[in-house]
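In: Generate coordinates for the sequence data below:
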Amino acid sequence: MRIIVEKIRHSGYFFLFIIFSLNSIGQTASVNGIVKDADTKQPLPYVSVYIKNGKGITTDSTGHFLVEADQPFKQLVISSIGYTSQTVNVNPGSNKEVVIFLQPNSGSLKNVTVNTKTKVKYRNKDNPAVELIRRVIANKDKNRPQSYDYVQYEQYEKLQLSLSKLSPKITNSRFLKRYSFLFQNADTSKVPGKSLVPVYLEEKFSNNYYRKNPEKTKTVIIGDKKVNFGDLVDSKGLSTYLNRLYENVDIYQNDIPVFTNLFLSPIADLAPTFYFFYIRDTITDASGSKLIKMYFTPRNTNAFLFRGDMYITLDSNYAVQKINMFVSRDINLNWIRDLHVNQEFEKNDVDTRYHLVKSDVMAEAGITKGKDNGVFGERSVSFKNYKINQPHESSFYEGPPQVTLVDAGQHQDSFWVTHRFDSLSTAESKVYKNIDSLRSMPSFKRFMNISSFLLAGYKSFGKFETGPAAAFYGFNPIEGLKLRFGGRTTPQLSKRIYFETYAAYGFKDERWKGYLGITYSLNNKSIYQFPLNYIRASAQYDTDIPGQESQFVQEDNVLLSFKRGDNTKWLYNRIYKLDYVHEFSNNFSYTLGFKNWSQEPAGSITYTKQQDSNPVNVTNLTTSELSLALRWAPHEQFYQGKVYRISIINKYPIFHFRYVQGIKGLANGEYNYKNLNVAVEKRVYLSQFGYSDVLLEGGYILGQLPYPLLTIPRANQTYAYQIYSYNLMNFLEFVTDHYAAINIDQNFNGFIFNRIPLIKKLNLREYVAAKVLYGGLRSENDPNKHPSLYQFPTDVNGMPTTFSLNKTPYIEGSVGVGNIFKLVRVDLVKRFTYLNHPDIPKWGIRARVGFNF
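Out: Purely as a prediction, here's the structure:
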């Protein structure tokens, strides 16, 4: 027992010895403190603090530091760019905080070159630059105007387009020699090394108001002036499109939309994941405030990211005082040679917050990567007279978010002289007069007419124009060679009444077809100008394919003549319509319609039903229906073309609703029925992962009907890839009386390809798409159960070619490569269900051509 106790006692001594030894080993000499500016008494972040002849650290973003060492030390050296270095005596082990003041020394700011053969691996952990940017991110909400209950300010914006560095071969050419007065008005001072010839200019002056709760923004446009190219150009649409490309830049948002793409802000929540950050300098601005100059650059130079410098305040705001950023030359951005964004912020004397006072977005575009023959654009926005938390009456914020005063476009030059925050350059001041002169030249009018014919397909003869040219020629199995010629009147004939007509002839079926439409404008505006408000009556006799929906292409377009598989399911349609269309300024619209439709089967389609146990062929099916269509597209933007509106897609959804009531006995209508359809489409932006175009839709038909009056899904038998059609479905392959569908088309914008060596140099983009259609046919509409209904079409062998959807949805998907030659997208499409149907493709390669940035 004694031995055991002795062992325990000695072991206790040993245990105490071990603890003491470990404690002694663990003890370090330490000093904690803070470094401040000797003049402003403000803390200095990221100052070097090191033991003399030993190791060191940097102060944190609040100027504090803690130096620890295994050996005792008595002196610390403190240094920072722009300050005189100090050596101070310290007493390690004391709990007292050391306060050190550095004297500013602007003379020490000289160029320093550091050469090293050791490449230091960049990491976010323990990186003072990343710690600072995270403080900026944490304070974003506080530094945005939306942090106030009420904000108002004045805004002046200027948007201009210029021809950039035109080669002498162009300016001296015989064709352009008569326009020399344009080229002589060149600006060589705006951008060093570039000669800019302004060809477009628009200016706006507005008062802007914001209320947080309930949230509401209101813009009152007091002055609006822009170049006018004449009736052949949609000036409003052109302005909308250019402003969509050169959008307002808010660096405090996670994503910045520029040229229809989303760039990740360098102070986005995920910025440390996608950017490298480096502290370059500590400077003092004119007001005496200390700023950190931060350099940022993309981790992947092909991605939609910026690089540049920002200046961050060292007060409690952690605000951006100035930022200059541009894009990498390797970026996967089409047509853009150069893109710069510069912004400046000023401190508000009332609450010391920083407000945006100047924003410039400049970009040069060109077909080639060379420096000549480009288009340079700039949108410059200035802000003044901020008023904080000065509310108006609640009624003031009601109404549309943007109001343009009646006389906004009628101001004289004296108004603009006093309201411009930035004066126009000499070249810019001549743009309005030069374009007015250009517009009156006969040669320019001819050029615009030819351009309109080539791009839109219409040739103007003043009061009448012919077209569309793409529909002049076509062919199909039913009509053979088909020639068509038509045209329409223009507002030069009348702003109230419009006529449109065409005549067509098929050389195989030897039938004439045609159309005549008469439209009466109720608002005395062009029926092609927003907002629409008209009544239209029309009569048409022509061919059509059940289930074909041509997307932004005329039905007789020659491009639709080339199809795969069996293309013999056709109809002869005789249609009489009366429509009332009314659009509102908030982009809500409704259409009231009457339609009398007589359809005659053609080709392989026959309308056959059982009557007294005998098959009877029906040569004609007639319906009469009333309809109501509603559409709401909040914040919709578009360019009005000659034929279609070219939508400028944004983040807002578009809602569709349509109700159709078939009436038996009205104008020989044979059936009563109800048809209800709803749809929602939206582009979902996913920041660096691109975007998804999503379509949700559904429909339901009430009533017992033959299959031609049921829902026929949008099929596509062309070789073009169509976003909203089923690209491996045959025409009239399915019919349904109720359905729900989802269509997702995902564009990754090069997120994957941009990370693959060599491939990333091609600037390709990845696509993935999925289309799912679920539906069915109620028993009352199934011709197999009700022989009195029209039987589904069959092939020459008597095998059915039209089917109803059952419990299995129709599914197809695709993977694609886009941005080939900056224009082409090619998809490999696979069909996953109903593979036992006759003459259907299980795989297919489809292509699509489109212009994208």
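In: Need the pLDDT of Met294.
Out: Among the per-residue scores, Met294 holds a pLDDT of 94.
In: That one: which element?
Out: Per DSSP states H and E, Met294 falls inside strand 290-298.
In: Also Tyr318?
Out: Using DSSP H and E, no helix or strand contains Tyr318.
In: burial count for it?
Out: 22 (other CB atoms under 10 Å). No exception for glycine: its C-beta is placed from N, CA and C like everyone else's.
In: who's in contact with it?
Out: The contact partners of Tyr318, by CB atoms under 8 Å, 6 or more residues apart in numbering, come to Ser61, Leu132, Arg135, Val136, Ala138, Asn139, Asn143, Ile312.
In: And the pLDDT for the first one?
Out: This means Ser61. Looking at Ser61, its pLDDT is 58.
In: again with the third one
Out: Here the pLDDT value assigned to Arg135 is 92.
In: Would you mind stating the distance between it and Gly818?
Out: 39 Å (CB to CB, to the nearest Å).
In: The two: which has the busier surroundings?
Out: The neighbour count for Arg135 versus Gly818, taken as other CB under 10 Å, is higher for Gly818 (22 against 16).
In: Helix or strand: which one has the more buried one?
Out: Assigned by DSSP H and E, Gly818 falls in strand 810-820.
In: any residues touching the helix or strand following that strand, and which ones?
Out: Next in sequence after strand 810-820, counting helices and strands by DSSP H and E, comes strand 824-831. Around strand 824-831, the neighbours that count as contacts under CB under 8 Å, 6+ apart are 721, 727-729, 767, 769, 811-820, 840-850.
In: hmm, try it at 10 Å
Out: With CB atoms under 10 Å, 6 or more residues apart in numbering as the test, strand 824-831 has contacts from 716, 721, 726-729, 745, 747, 764-765, 767-769, 771, 810-820, 837, 840-850, 852.
In: and if you look at stretch 85-99?
Out: Outside stretch 85-99, the residues touching it (CB under 10 Å, 6+ apart) are 27-36, 38, 41, 48-49, 51-52, 63-65, 67-69, 71-80, 100-103, 105, 108.
In: re the thing from before, which strands or helices does the helix or strand following the strand holding Met294 pack on?
Out: As assigned by DSSP H and E, the chain's next helix or strand after strand 290-298 is strand 306-313. Judged by 3 or more CB pairs under 10 Å, 6 or more residues apart in numbering; DSSP states H and E, strand 306-313 is in contact with helix 128-138, strand 275-284, strand 290-298, strand 320-327, strand 336-347.
In: where does the nearest residue to Leu702 once chain neighbours are set aside fall, helix, sheet strand or coil?
Out: Leaving aside its sequence neighbours, Leu702 sits nearest to Lys674 (CB to CB, 6 or more residues apart in numbering; 4.2 Å). Under DSSP: H, G, I helix; E, B strand; the rest coil, Lys674 falls in the strand class.
In: doesn't Leu628 make contact with Lys674?
Out: No - between Lys674 and Leu628 there is no contact under CB atoms under 10 Å: 11.6 Å.
In: Which residues are in contact with each of the two?
Out: Shared contacts of Lys674 and Leu628 (CB under 10 Å, 6+ apart): Tyr659, Val660, Gln661.
In: ok so, going back, show me what counts as buried in the strand holding Gly818.
Out: By neighbour count with 16 or more other CB atoms under 10 Å, strand 810-820 contains the buried residues Tyr810, Ile811, Glu812, Gly813, Ser814, Gly816, Val817, Gly818, Asn819, Ile820.
In: now for it, which elements pack on it?
Out: Other elements packing on strand 810-820 under the criterion 3+ CB pairs under 10 Å, 6+ apart are strand 738-747, strand 765-776, strand 824-831, strand 843-849.
In: how much does the longest one deviate in direction from strand 738-747?
Out: Interaxial angle of strand 765-776 relative to strand 738-747 (axes from the mean of the first three to the mean of the last three CA atoms, to 10 degrees): 180 degrees.
In: Distance from the chain centre to strand 765-776, please.
Out: Strand 765-776 sits 21 Å away from the centroid of its parent chain (CA atoms, centre = their mean, to the nearest Å).
In: Identify each buried residue in that strand, please.
Out: By neighbour count on 16+ other CB under 10 Å, the buried set for strand 765-776 is Arg765, Glu766, Tyr767, Val768, Ala769, Lys771, Val772, Leu773, Tyr774, Gly775.
In: Downstream of it, the next helix or strand is which one?
Out: The helix or strand immediately downstream of strand 765-776 is strand 803-804, counting by DSSP H and E.
In: Would you mark the buried spots in the helix or strand harbouring Leu626?
Out: Using DSSP H and E, Leu626 falls within strand 621-632. For strand 621-632, burial by neighbour count (16+ other CB under 10 Å) applies to Leu621, Thr623, Ser624, Glu625, Ser627, Ala629, Arg631, Trp632.
In: The nearest residue to the first one once chain neighbours are set aside bridge partners, please.
Out: Leaving out its chain neighbours, the residue that sits closest to Leu621 by CB to CB, 6+ apart is Gln599, at 5.1 Å. With DSSP bridges applied, the residues forming beta bridges to Gln599 are Asn573, Leu621.
In: hang on, the earlier thing: can you redo the shared contacts of Lys674 and Leu628 as TSV with secondary structure?
Out: Shown next, in TSV, are those (three-state DSSP):
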residue	secondary structure
Tyr659	strand
Val660	strand
Gln661	strand
